[in-house]
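Undergrad: what would the 3D arrangement of this be:
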Amino acid sequence: MNEQEGRNGAKEQGPVRQILCVSTASYLPFPSRKQNVMERLSDAEILYIDPPVTFLAPLKDPEAKERLGAYKKPGTKVRENITVFAAPPVWPFFNKYRFINRRNQKRLARYLKKLMKAHGFQRPLLWCYSPTSCDLAPLLPHSALVYDCVDRHSAYPGMIDPEVVDKMEEDLARQADMIFSTAAGLYDTLIKYNENTALLPNGVNYRLFSQAAEAKGEPSSSGPVFGFVGMLQSCIDYSCLEAVARAWPEGELRLIGRPLPGVDYRELKVLPNVKFLGLLPQEELPEQIRQFDVCLNPFRGGELSRDVSPLKFYEYLATGKPVVSTPEPGQVQDYRDVVFIGATPEEFVDRCREALAEAGTAEGAEKARRRMEYGQACSWESRVAEMEALLRQRGIY
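TA: Predicted coordinates for the structure are as follows:
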């Protein structure tokens, strides 16, 4: 139904569907796939649930104490049709012991039922991002279940049991009415459990990042500028970054992203031409990338790296800038005609030299044009349009 009855009996336009999104990323402040998808789904009223903290979180992070009670506060209306709520805190080790996850999800379900009642949600489309939702879905009334799988969850380090996580994911996949997966390896796993699985990699805010293609004006460094944008996590190949910084001592290596605990950055921090710029608002990134001569996408080999779909890669494409990447994630192989690929630190440096050499050449201009075409084809608008088309085919949307 496209219309709702107004109080005076007249027809009023309103959302035609309700979506309950149980996310693994907080809506604010930095957008990931979750926010980009939700913001572009058409004609929907959305309750977006931020991920919880554990009851033990304040022991490691004193600031987490305030977040324990965040679920008691009113929701934050971030858009006319999207309201964000915090989830109640959970017991830890839920990725190691299934019985703990079941307990956590029962508590979450009670909370969500109250939210649904308060917002007039009777049987919303339940949209999940974590295998842990396998024990939540049976407890909530919903019209359909979508699982948007963005990572190999069992490959993450920490207090998890990979077999437990994989079994939870299998259980969630078998319940789902539609599954989206961001990488071929994820698709190959999930299609075994549910034939209604589609491969849909991440996308890019093309209109924003294509601004970096504009002329950059006066150079900000006496030498070439190499740049990396993204989480500085353990799956990044820091030996490639170090090799680039050492190969061009007159240049700069700029790292934009949050350094994470447990990752050793000592070799990079001793190099005077490596700049850690920290987290920056997304709106500032095009101006930063405009100063890059080469964009870097280095990942260490492994199960987690193979199956990620890095936002930064598609953002790089949208800028038209030369991109140097390792062979993983596997998705970069689809763009070998416009991306320079090196498997070792030595090869990575060689590919950076080739990337620099294309500047000012006709071949370089043609590659830049094709990179931007690829980026535009991967826009979030295109990705979400594909999602909605598949949901309509299934009678879900």
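Undergrad: quick check: which ranges of this protein have low pLDDT?
TA: Applying pLDDT under 70 to the chain picks out residues 1-14, 216-220, 304-305.
Undergrad: identify each buried residue in stretch 301-316, please.
TA: Neighbour-count burial for stretch 301-316 flags 304-316 (criterion: 16 or more other Cβ atoms under 10 Å). The way it works is simple: take the backbone N, C-alpha and C, and place the C-beta from them, glycine included.
Undergrad: Lys114 and Arg103: what is the separation?
TA: Lys114 is 18 Å from Arg103, where distance means Cβ to Cβ, to the nearest Å.
Undergrad: all helices of the stretch 1-150 of the chain, in order?
TA: Ranges of helices in the stretch 1-150 of the chain, per DSSP state H, counting those that start in this stretch, are 33-40, 57-60, 64-67, 98-118.
Undergrad: just to revisit the earlier point, wait, which of the buried residues of stretch 301-316 is closest to Leu390?
TA: Leu390 lies nearest to Ser309 out of those, by Cβ to Cβ, at 17.2 Å.
Undergrad: which residues touch the nearest residue to that closest one once chain neighbours are set aside?
TA: Closest residue to Ser309 apart from its sequence neighbours, by Cβ to Cβ, 6 or more residues apart in numbering: Thr182 at 3.7 Å. Counting by Cβ atoms under 8 Å, 6 or more residues apart in numbering, Thr182 touches 33, 149-151, 199-202, 307-309.
Undergrad: what do you get if the cut-off is 10 Å, keeping everything else the same?
TA: By Cβ atoms under 10 Å, 6 or more residues apart in numbering, the contact set of Thr182 is 33, 148-151, 199-203, 307-310, 329, 331, 383.
Undergrad: likewise for Ile341?
TA: Neighbour list for Ile341: 297, 323-328, 332-333, 335, 347-348, 351 [criterion: Cβ under 10 Å, 6+ apart].
Undergrad: cool, Leu277 as well?
TA: Residues in contact with Leu277 (Cβ under 10 Å, 6+ apart) are 227-229, 254-257, 284, 288.
Undergrad: the helix or strand harbouring it pairs with which strands?
TA: Assigned by DSSP states H and E, Leu277 falls within strand 274-278. With DSSP bridges as the test, strand 274-278 is paired with strand 252-256 (parallel).
Undergrad: what sits up against the next helix or strand after the partner strand?
TA: For strand 252-256, the succeeding helix or strand toward the C-terminus, using DSSP H and E, is helix 266-269. Residues outside helix 266-269 that contact it (Cβ under 10 Å, 6+ apart) are 232, 238-239, 241-242, 245-246, 253, 255, 259, 274, 276.
Undergrad: check contacts around the residue lying closest to Gln282 once chain neighbours are set aside.
TA: Spatial nearest neighbour of Gln282, excluding adjacent residues (Cβ to Cβ, 6+ apart): Pro31 at 6.1 Å. Going by Cβ under 10 Å, 6+ apart, Pro31 touches 25, 38-39, 205, 282, 311, 380.
Undergrad: Lys114 and Arg103: which has the busier surroundings?
TA: Arg103 (15 against 10; other Cβ atoms under 10 Å).
Undergrad: in this structure the more buried one contacts Pro92, no?
TA: No - the criterion here is Cβ atoms under 10 Å, and Arg103 misses it with Pro92 at 11.6 Å.
Undergrad: the strands in the stretch 151-300 of the chain, which residues?
TA: Assigned by DSSP state E, counting those that start in this stretch, the strands in the stretch 151-300 of the chain fall at 178-181, 197-199, 225-229, 252-256, 274-278, 294-297.
Undergrad: typed the wrong thing, it's the stretch 1-150 of the chain
TA: Counting by DSSP E, counting those that start in this stretch, the segments of the stretch 1-150 of the chain that form strands are 3-5, 11-13, 17-22, 44-50, 76-79, 82-86, 125-128, 144-149.
Undergrad: and those as TSV, adding distance to Arg392 and mean neighbour count?
TA: TSV is the format used below for the strands of the stretch 1-150 of the chain (distance: least, Cβ to Cβ, whole Å; neighbours: other Cβ atoms under 10 Å):
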stretch	distance to Arg392	mean neighbour count
strand 3-5	19	11
strand 11-13	20	10
strand 17-22	11	22
strand 44-50	13	22
strand 76-79	23	13
strand 82-86	21	20
strand 125-128	12	24
strand 144-149	12	23
